[in-house]
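Visitor: I need the structure of the sequence given here:
(one chain, ligands or ions: 1)
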Amino acid sequence: MGLHPVGIIGTGKYVPERILSNKELEAMVETNDEWIVTRTGIKERRLAAAEEATSDLALHASRAAIAAAGLTAEDIDLIIVATITPDMFFPSTACLLQDKLGAKKAAAFDLSAACSGFIYGLATGSSMIASGMYKHVLVVGAETLSRITDYTDRNTCILFGDGAGAVVLGAVEEGRGFRSFELGADGSGGELLKVSGGGSRVPASEASIQSKQHYIYMAGNDVFKFAVRIMGSVAEEALLKAGIAKEEVDLLVPHQANIRIIQSALNRLNLSEDKAMINLDKYGNMSSASIPVALAEAVEQGRVKEGDRIVLVGFGGGLTWGASVLVW
Ligand code: UT7
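Guide: Coordinates of the predicted model:
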């Protein structure tokens with residue numbers, strides 16, 4: 001793919017300390033641990049501390065990724081932060097992160113593609129390296145979803161958590177790195193998953209607060225059906241483009257939304273559950289941070305070896321979806 005082979009040369013993650021368990025949620029909304037575990041696979045999730053915002057989570061993950069790559073912040077040419085929970089409207093979270101890191105030579109921007117944002121970011125960053133424009137790109141997925149979650153809405157509050165994952169992209173040897181990307185969007189499904197308040201359509205007002213428009217709204221079951229349809233098919237398309245067969249896949253790193261969605265993708269790809277990196281039991285759905293945190297943990301746990309064929313796949317609000325096939 002492209003002129004120069006490009007791959008992931010460092011990974012990092014950060015999750016806040018505070019754990020919100022299913023038991024605690026039982027005291028907040030009409031739900032129970034058994035329902036949450038059987039319907040979603042989630043047991044607990046993390047919550048950012050009051051003084052922590054998205055750029056703070058991103059900072060920890062980015063420092064780890066840059067160190068793992070054997071680089072310093074000054075070696076980074078571009079920072080892309082995929083997030084739907086930026087610290088503020090502007091400056092971008094990427095600019096706030098650039099300052100915190102001291103990445104003085106880096107350009108910086110945020111990317112908005114909800115839970116697919118990290119894969120969109122990989123596609124963007126790796127293309128800029130393959131073209132010869134940049135050498136090292138930091139791609140971050142970071143979220144403080146707890147700030148836009150309505151903890152009186154049992155349809156959503158059981159699902160989401162806070163965290164950040166980061167990778168450094170750079171040149172790799174021939175035969176390694178990204179083999180394909182497959183990105184997509186269907187804006188006609190935008191109504192299914194959204195935060196409608198606070199933008200130019202519905203600026204913040206007393207009415208927008210009262211009608212809870214600053215919180216995540218989700219038509220859970222419709223999103224579920226879309227996810228089951230798209231996860232397997234986009235992963236298959238990316239594999240086809242890469243010229244890699246399903247049975248050659250060593251590890252699937254899926255968006256961590258719901259264990260049943262991951263299982264359906266595994267079925268479609270004819271892969272057993274041990275071929276998937278699953279950590280949603282600990283963290284819930286962290287939107288754009290889910291895939292990079294899962295990837296960083298797979299690396300930490302020694303589940304990724306040189307030459308392994310890895311599929312990253314996600315879907316989310318927009319609606320958006322994306323998959324990438326890479327050789328480690
Ligand atoms: O990152 C991308 C964004 N989001 C997702 O990927 C989420 C995709 N959707 C899902 O994961 C699932 O749709 C949910 C986990 C959100 C819901 O599971 P479901 O199997 O689609 O359940 P449902 O919405 O059809 O609801 C089934 C029942 C309902 O009761 P009735 O109407 O059958 O009496 C709900 O009211 O479960 C009830 N319910 C709950 N019960 C206990 C919904 N939420 C809860 C809850 N605890 N937290």
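Visitor: In a strand, residue 45, correct?
Guide: Yes. Under DSSP: H, G, I helix; E, B strand; the rest coil, residue 45 sits within a strand.
Visitor: Go ahead and confirm it touches residue 156.
Guide: No. The criterion here is CB atoms under 8 Å, and residue 45 misses it with residue 156 at 12.0 Å. To be clear about C-beta, it is placed using only N, CA and C from the backbone, and glycine gets the same treatment.
Visitor: who has more neighbours, the two?
Guide: Of the pair residue 45 and residue 156, residue 45 is the one with more neighbours under other CB atoms under 10 Å, namely 30 against 21.
Visitor: From residue 189, how far out is the more buried one?
Guide: Counting by CB to CB, to the nearest Å, the gap from residue 45 to residue 189 is 25 Å.
Visitor: what's the answer for residue 15, then?
Guide: In terms of CB to CB, residue 15 sits 29 Å off from residue 189.
Visitor: go on, residue 247?
Guide: Using CB to CB, one gets 32 Å for the distance from residue 247 to residue 189.
Visitor: and what of residue 258?
Guide: 17 Å.
Visitor: Next: residue 17.
Guide: Counting by CB to CB, the separation of residue 17 from residue 189 is 36 Å.
Visitor: The two: which has the busier surroundings?
Guide: The residue with more neighbours, out of residue 17 and residue 189, is residue 189; 16 against 9, by other CB under 10 Å.
Visitor: Report the contact partners of the closest residue to that one other than its chain neighbours.
Guide: Leaving aside its sequence neighbours, residue 189 sits nearest to residue 319 (CB to CB, 6 or more residues apart in numbering; 3.9 Å). The contact partners of residue 319, by CB atoms under 8 Å, 6 or more residues apart in numbering, come to 185-187, 189-190, 192-193, 226.
Visitor: could you dump those to JSON lines with distance to the ligand?
Guide: Converted to JSON lines, the contacts of residue 319 look like this (distance: CB to the nearest ligand atom, whole Å):
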{"residue": "185", "distance to the ligand": "14"}
{"residue": "186", "distance to the ligand": "14"}
{"residue": "187", "distance to the ligand": "16"}
{"residue": "189", "distance to the ligand": "12"}
{"residue": "190", "distance to the ligand": "13"}
{"residue": "192", "distance to the ligand": "9"}
{"residue": "193", "distance to the ligand": "6"}
{"residue": "226", "distance to the ligand": "8"}
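Visitor: ranges for the helices of the stretch 151-300 of the chain?
Guide: 154-157, 206-210, 220-242, 259-268, 280-283, 290-300 (DSSP state H, counting those that start in this stretch).
Visitor: Show me what the second one is in contact with.
Guide: Applying CB under 8 Å, 6+ apart, the external contacts of helix 206-210 come out as 197-198, 202, 214.
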